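> Got a sequence here, can you build the structure:
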Amino acid sequence: MALVTREAVKAALQLGKVDQVDDAAIDRALNAASTMIADHAGRTFEQTSSTQARMYEVTKGTVEVDDIATTTGLTVNLDGTLITSYTLHPRNALALGRPITRIGGLLTSATLVTVTATYGWPAIPAAVEQATLLQALRLHQRRLAPFGVAGSPDVGSEVRLLSRLDPDVEALIRPYCKAWAVA
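This is a model prediction of the structure:
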């Protein structure tokens, strides 16, 4: 799933809504950009469409979980027993537009728990949307430079297109990257 809409890319390219010639190419660039950003950040920003059950290891009463977008439908289960005494971390994360990433206070000697939740972020951060838009535009334009060089050497505007994230994109998403995921 793309982190921004095709219409946002078309607006940035100054294409009309009815112009459908580039829709397939825009969709490919959007999906690729969204995947690149999610992979670089080590997280998924869009929410799952429904709750999902996932298993996690308990370490000293704490579970590091995939990003959780909401407490609605959140359950913690140990071998068929619903656990109701736990704490969510970081504190106030959802109120600040950030996901829950840890569940603590699990008074259990078990090593595995099942957490059922809606995973992802409460909302895609504006900086991540902007980064996706920039990277999608770059990938879309890249198709016009098959050898990785854009511009003209005659007028001094030659630019070599890198095969990594745009530096501005990296700067925009840096605050949202998991520490272990940053390349």
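
> where exactly do the helices run in this structure?
Ranges of helices within the chain are 6-12, 23-41, 126-142, 167-173, based on DSSP state H.

> CSV for those helices, including mean neighbour count?
Backbone N, C-alpha and C define where each C-beta goes, glycine included. Below are the helices of the chain laid out as CSV (neighbours: other Cβ atoms under 10 Å):
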stretch, mean neighbour count
helix 6-12, 17
helix 23-41, 18
helix 126-142, 20
helix 167-173, 18
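
> quick one: contacts for the closest residue to Ala53 other than its chain neighbours?
Nearest non-adjacent residue to Ala53, counting by Cβ to Cβ, 6 or more residues apart in numbering: Thr116, 4.5 Å away. Shown in contact with Thr116 (Cβ atoms under 8 Å, 6 or more residues apart in numbering): 51-54, 73-75, 77.

> which among these end up buried?
Taking 16 or more other Cβ atoms under 10 Å as the criterion, what is buried in the contacts of Thr116 is Leu74.

> Kindly indicate which of the contacts of Thr116 lies nearest Ile26.
Nearest to Ile26, judged by Cβ to Cβ, of the contacts of Thr116 is Gln52 at 29.5 Å.
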